[in-house]
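S.K.: Following is a predicted model, sequence given first.
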Amino acid sequence: MPSVLITGATSGFGKAAAMRFAQAGWSLILTGRREERLKALEEELSKQVPVLTLTLDVRDSDAVTKALGELPESFLPLTCLINNAGLALAPEPAQKVDLKDWHTMIDTNITGLVNVTHAALPLLLTQGEGASILNLGSVAGQWPYPGGHVYGASKAFVQQFSYNLRCDLLGTGIRVTDLAPGMAETEFTLVRTKGNQEASDALYRGTTPLQAEDIAEQLYYLATLPAHININRLEIMPVRQAWSPFNINRDAE
Ligand SMILES: NC(=O)C1=CN([C@@H]2O[C@H](COP(=O)(O)OP(=O)(O)OC[C@H]3O[C@@H](n4cnc5c(N)ncnc54)[C@H](OP(=O)(O)O)[C@@H]3O)[C@@H](O)[C@H]2O)C=CC1
Ligand SMILES: O=CCS(=O)(=O)O
């Protein structure tokens, strides 16, 4: 039975992916900080497949290394790592941001992802051919926009780290993909606005954003491609999202 480790399984893409992989009979290793949500998911999905939950903050490298170093044999080798835990904060312009918010994004989206990858690599190497690392990047890692500052830069890191991993893993059989979604309706905007439900609802109102299940389907597709195929980067937007023209600063008339 193949096994998947999903970071950030308590919400959004991670939770939907847990459900999608369970439906296909994969063993699940699910992580997140909110233990109650993890336990609820475990109760639900363990009726279908073996589920192991780890209450973990991906920023804590010692805890990550210890937890992944002690995985039960029945969940090994690891077939797929989904580096999904992440967040955006501070939608305001760079010059107005609280420095702590920049640090939190760097610590989670970059350091956290690196912590988990480092600890999971030996477990994926045992699987070798057919194993995958699926990293949640973002359109923000490729395309600049106001308020994107460190969030977009952290996702640019995810893209380049994914490509560089591919170089080092050549010959091991492990695939690496940067999956880069555009606007998707999850708790993402609630987190970004520090709990402003109205702002979150307003962003998704009157349009058709991606849903968590759309991304979960892509994650499952990537993880089950024939073993000789690597999709390096997969960027997905809702049809009703596109780019804007360049912004020009003009003298007042
Ligand atoms: N929604 C969108 O529009 C897009 C999102 N993304 C990316 O997709 C990923 C998932 O986002 P999405 O599902 O939308 O957002 P959600 O806020 O719904 O889910 C984020 C998940 O990350 C977990 N998480 C956050 N910080 C930590 C941490 N320090 N340690 C462990 N887990 C953590 C949360 O769990 P908990 O709080 O329990 O720890 C939660 O399960 C993120 O990397 C995001 O940047 C990319 C493109 C578009
Ligand atoms: O990564 C999230 C999508 S967006 O908010 O940057 O468009």
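M.R.: In hand now; what should we look at? Ligands and ions are numbered 1, 2, ... in the order given.

S.K.: who in this protein is up against ligand 2?
M.R.: Ser138, Val139, Ala140, Gly182, Met183 (Cβ under 6 Å from any ligand atom). Where C-beta positions appear, they are placed from N, C-alpha and C, glycine not excepted.

S.K.: One more pass at 8 Å, please.
M.R.: 88, 138-140, 145, 148, 151-152, 155, 181-184, 188-189, 192, 241 (Cβ under 8 Å from any ligand atom).

S.K.: and Ala131, how many neighbours does it have?
M.R.: By the criterion of other Cβ atoms under 10 Å, Ala131 has 26 neighbours.

S.K.: Going forward, count from 174.
M.R.: Sure, I'll start counting at 174 from here, so that last one is Ala304.

S.K.: and it, what does it touch?
M.R.: Contacts of Ala304 were listed using Cβ atoms under 8 Å, 6 or more residues apart in numbering, and they are Pro250, Leu251, Thr252, Cys253, Leu297, Leu298, Thr345, Gly346, Ile347, Arg348.

S.K.: Is it possible to mark the buried ones in these?
M.R.: By neighbour count, with 16 or more other Cβ atoms under 10 Å, the contacts of Ala304 hold Pro250, Leu251, Thr252, Cys253, Leu297, Gly346, Ile347, Arg348 as buried.

S.K.: Run the contact check for stretch 232-250 versus ligand 1.
M.R.: Yes. Using Cβ under 8 Å from any ligand atom, stretch 232-250 comes into contact with ligand 1 via Arg232.

S.K.: Run the chain-centre distance for that stretch.
M.R.: Centroid separation between stretch 232-250 and its chain, computed with Cα atoms, centre = their mean, to the nearest Å, is 18 Å.

S.K.: Same question for stretch 377-389.
M.R.: Taking Cα atoms, centre = their mean, one finds the center of stretch 377-389 at 16 Å from the center of the full chain.

S.K.: What ranges does this protein have for its strands?
M.R.: Secondary structure of the chain (DSSP state E): strands located at 176-179, 200-205, 224-228, 253-256, 305-309, 348-354, 357-358, 383-384, 406-409.

S.K.: and the angle for the fifth one with strand 348-354?
M.R.: Inter-element angle recorded for strand 305-309 and strand 348-354: 20 degrees (by axes from the mean of the first three to the mean of the last three Cα atoms, to 10 degrees).

S.K.: Alpha carbons of strand 305-309, in CSV - could you do that?
M.R.: The C-alpha trace of strand 305-309 is given here as CSV (Å, rounded to 0.1, in the frame of the first residue of the first chain):
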residue,chain,number,x,y,z
SER,A,305,7.3,12.1,-5.5
ILE,A,306,7.8,15.3,-3.7
LEU,A,307,4.9,17.7,-4.5
ASN,A,308,5.6,21.2,-3.3
LEU,A,309,2.9,23.8,-3.0
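
S.K.: Briefly note if it comes near ligand 1.
M.R.: Yes. For strand 305-309 and ligand 1, the contact criterion (Cβ under 8 Å from any ligand atom) is met by Leu309.

S.K.: Between the two ends of stretch 361-380, what distance do you get?
M.R.: 17 Å (Cα to Cα, to the nearest Å).

S.K.: Give the buried residues for that stretch.
M.R.: Using 16+ other Cβ under 10 Å as the test for burial, stretch 361-380 gives Phe361, Thr362, Leu363, Val364, Arg365, Thr366, Ser373, Leu376.
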